[in-house]
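Visitor: I need the structure of the sequence given here:
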Amino acid sequence: MTDAVVNGVEAEILTTKRIDTVKWIRFNRPEVRNAISKEGADRLCEELLSSRDEGARVVVLTGKGGAFCSGADLKATGLEPGKTDQLTDILEEHYHPMLMAIAELPIPVIAAVDGIAAGIGSDIALACDIRLASDTAVFSELFINIGLIPDGGGTYTLARLIGMGRALEMALSGLPVKAEQALEWGMVNQVYPADNFKRHVQAYAEKFTFKPPLAVERTKKAIREACGEGSFHDALKRESHLQKELFTSQDFMEGVTAFREKRSPHFRGR
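Guide: This is a model prediction of the structure:
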């Protein structure tokens, strides 16, 4: 797997740091607002799975440069409209393992969202156990704007966090939800000032490091398994199937073209 190249210098697509027993994992592509490629998803999965063996009692997932994650990096993935096998491979071989690692990791995973969390970036935050937001955070399910559906588990997590009506509003409109609104809706647990965000997040995360690990693991497992009909994995598989249907549509091709050309799309329902 390869890292990004910035100004001719190779840069890590993820960075990690341990502060006591809190492991920070940071998206490190600020030049694209931390858009995530399949290589980035693989690297994140590896870092999550190694966390407990490294002695971490809690993981904090965040982004560099005033953004959490702006979504999938379509350019880096080389994803071409209409190639459904390519889509299925990227979702099921790269993004799904990363998301399942978040859900199944036996220690808490906290999303520390500073700035934009859009598309699958929003869904990655939603997949985490707890979401802490800076007062500049914005969540947006942008998939509808290019003729797709949420494909990072958002169809499962969003309604369970904020209710079906609000979930449908977000997913069908693609409109952004700012931090205070997200807090009111129950999408995030806390909102902190951006100036001291990291310090607040570290203090919050440290609360979990003193709890009994076996009880933490089983509490997370029990609550996730009891949260409703079907599983997170079932939702990911369903999204992949439906996304495959949409991926061959003219509307999706138009959505991607309009996005790249920075113009409004003209959808025709085909």
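Visitor: just confirm Thr15 is within a helix.
Guide: No - Thr15 is assigned strand when assessed by DSSP: H, G, I helix; E, B strand; the rest coil, not a helix.
Visitor: low-confidence stretches in the stretch 101-250 of the chain?
Guide: Applying pLDDT under 70 to the stretch 101-250 of the chain flags residues 229.
Visitor: if you set the cut-off to 80 instead, what comes out?
Guide: Applying pLDDT under 80 to the stretch 101-250 of the chain flags residues 228-230, 232, 241-242, 245, 247.
Visitor: could you pull out the strands for it?
Guide: Using DSSP state E, counting those that start in this stretch, the strands of the stretch 101-250 of the chain run over residues 109-113, 116-118, 130-134, 138-140, 177-178, 190-192.
Visitor: separation between the spatially closest residue to Cys128 that is not a sequence neighbour and Ala125?
Guide: Sequence neighbours aside, Ala111 is the residue nearest to Cys128 in space, at 3.9 Å (criterion: C-beta to C-beta, 6 or more residues apart in numbering). Any C-beta I mention is one placed from the backbone N, CA and C, and that applies to glycine too. Ala111 is 4 Å from Ala125, where distance means C-beta to C-beta, to the nearest Å.
Visitor: neighbour count: those two, which is higher?
Guide: Ala125 (32 against 29; other C-beta atoms under 10 Å).
Visitor: ok, then the element right after the longest helix belonging to the chain?
Guide: Taking DSSP state H as the criterion, the chain has its longest helix at helix 232-247. Following helix 232-247 in sequence order, the next helix or strand is helix 250-261 (DSSP states H and E).
Visitor: identify the residues contacting that next one?
Guide: Contact with helix 250-261 is made by 74, 81-82, 145-148, 246, 264-270, as judged by C-beta atoms under 8 Å, 6 or more residues apart in numbering.
Visitor: and if you look at stretch 185-193?
Guide: Here stretch 185-193 has contacts from 113, 126, 130-135, 137, 139, 158, 161-163, 166, 177, 179-180, 182-183, 200-201, 204, using C-beta under 8 Å, 6+ apart.
Visitor: skipping adjacent residues, who's closest to Glu180 in space?
Guide: Leaving aside its chain neighbours, Glu180 sits nearest to Val191 (6.3 Å; criterion: C-beta to C-beta, 6+ apart).
Visitor: only the buried residues of stretch 106-115, if you could.
Guide: Buried residues in stretch 106-115, defined by neighbour count with 16 or more other C-beta atoms under 10 Å: Ile107, Pro108, Val109, Ile110, Ala111, Ala112, Val113, Asp114, Gly115.
Visitor: not counting its neighbours along the chain, what's nearest Arg52?
Guide: Arg52 sits nearest to Ile107 (C-beta to C-beta, 6+ apart), 5.6 Å away.
Visitor: can you pull the contacts of the one you found?
Guide: Ser51, Arg52, Ala56, Arg57, Val58, Val59, Phe208, Pro213, Val216, Glu217, Lys220.
Visitor: can you give me the helices in the stretch 51-200 of the chain?
Guide: Using DSSP state H, counting those that start in this stretch, the helices of the stretch 51-200 of the chain run over residues 74-77, 84-90, 96-104, 120-127, 154-162, 164-173, 179-185, 197-206.
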